[in-house]
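K.L.:
Coordinates only, no sequence provided:
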Ligand code: HEM
């Protein structure tokens, strides 16, 4: 694969699928917008100070989305998050090995097999009906093709499409695209994300479900 095709955005995995890349690009643009505004409000700041200042806003924005948008939607009303009271400097911010190695991967079961692409047609609510032979963008056809897809269909269509569809249920079922078809024809072999997850749990000494 020609590395010139790939975006350089914080983490190499950003190029893995068009939804992830689109979201990464939005955060990248949000960072640059913050930096631009801070240059006006803080004319004496160096490039590094502007970078760090904007970076803090991006981190805060992402934390806000996860904590106050994603998590409340995930947890039902019987399990609300405790109300924020104040910053507690004595609470260690680390996470447990079980959380890092296993629990944090739970959204693997929520990944859908395809993404809708919602078009920006004035006054009409339209979706692309033919994307490479499919009514939506099939995940297994597009691993590591993210840059080409984003250029062809635009960040807007991808993000609007993702906002129009629901996630898979959070359960023990993982779509074929993440099992038999990971990561498609260009990969040296096929991976099964569910199997890797179990294996990684063993690597990390995560206790068994019934222990
Ligand atoms: C198309 C969607 C996704 C694909 C193809 C994918 C693929 C992978 C792969 C191949 C790994 C490495 C497994 C290993 O070697 O142990 C991994 C790890 C992981 N994934 Fe995903 N994943 C996807 C979506 C997600 C989502 C939506 C989340 C959470 C919001 C997530 C959270 C994680 C975490 C926390 C790890 C462990 C990372 C680490 O320990 O460094 N993944 N994923």
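P.N.:
Done, it's in. These numbers were taken from a predicted model, which means no experiment stands behind them.

K.L.:
Using the three-state scheme, assign the residue located most distally from the centre of the chain.
P.N.:
Largest separation from the mean C-alpha position in the chain: residue 44, at 34.9 Å (C-alpha atoms, centre = their mean). Secondary structure for residue 44, judged by DSSP: H, G, I helix; E, B strand; the rest coil, is coil.

K.L.:
Same question for residue 37.
P.N.:
Assigned by three-state DSSP, the conformation of residue 37 is helix.

K.L.:
interface residues of the chain facing the ligand?
P.N.:
16-17, 104-105, 107-108, 111, 178, 193, 196, 200 (C-beta under 6 Å from any ligand atom). The C-beta positions use only the backbone N, C-alpha and C, and glycine is treated the same way.

K.L.:
circling back: ok, now how distant is the residue farthest from the centre of the chain from the ligand?
P.N.:
Counting by C-beta to the nearest ligand atom, to the nearest Å, the separation of residue 44 from the ligand is 39 Å.

K.L.:
picking up where we left off before, tell me which entries of the residues of the chain next to the ligand lie within strands.
P.N.:
Judged by DSSP state E, strands contain none of these.

K.L.:
Tabulate those (CSV), appending pLDDT and neighbour count.
P.N.:
Below are the residues of the chain next to the ligand laid out as CSV (pLDDT from 0 to 100; neighbours: other C-beta atoms under 10 Å):
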residue, pLDDT, neighbour count
16, 92, 18
17, 94, 22
104, 90, 11
105, 93, 16
107, 93, 12
108, 96, 16
111, 96, 16
178, 94, 21
193, 94, 18
196, 93, 16
200, 93, 13
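
K.L.:
residue boundaries of the helices in the protein?
P.N.:
Taking DSSP state H, the helices of the chain run over residues 18-41, 47-64, 71-74, 97-101, 146-163, 193-203.

K.L.:
Make TSV out of those helices and add distance to residue 87.
P.N.:
Output for the helices of the chain, formatted as TSV (distance: least, C-beta to C-beta, whole Å):
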stretch	distance to residue 87
helix 18-41	22
helix 47-64	13
helix 71-74	19
helix 97-101	21
helix 146-163	32
helix 193-203	33
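
K.L.:
lowest-pLDDT helix or strand in this protein?
P.N.:
helix 71-74 (a mean of 87; mean pLDDT, DSSP states H and E).

K.L.:
correct me, but residue 14 touches residue 22?
P.N.:
No: under the criterion of C-beta atoms under 8 Å, residue 14 makes no contact with residue 22, lying 10.0 Å away.

K.L.:
quick one: residue 21 from residue 204, how far?
P.N.:
Per C-beta to C-beta, to the nearest Å, residue 21 is found 29 Å from residue 204.

K.L.:
Looking only at neighbour counts, state which of those two leads.
P.N.:
Set side by side, residue 21 and residue 204 show more neighbours around residue 21, with 23 against 12, by other C-beta atoms under 10 Å.
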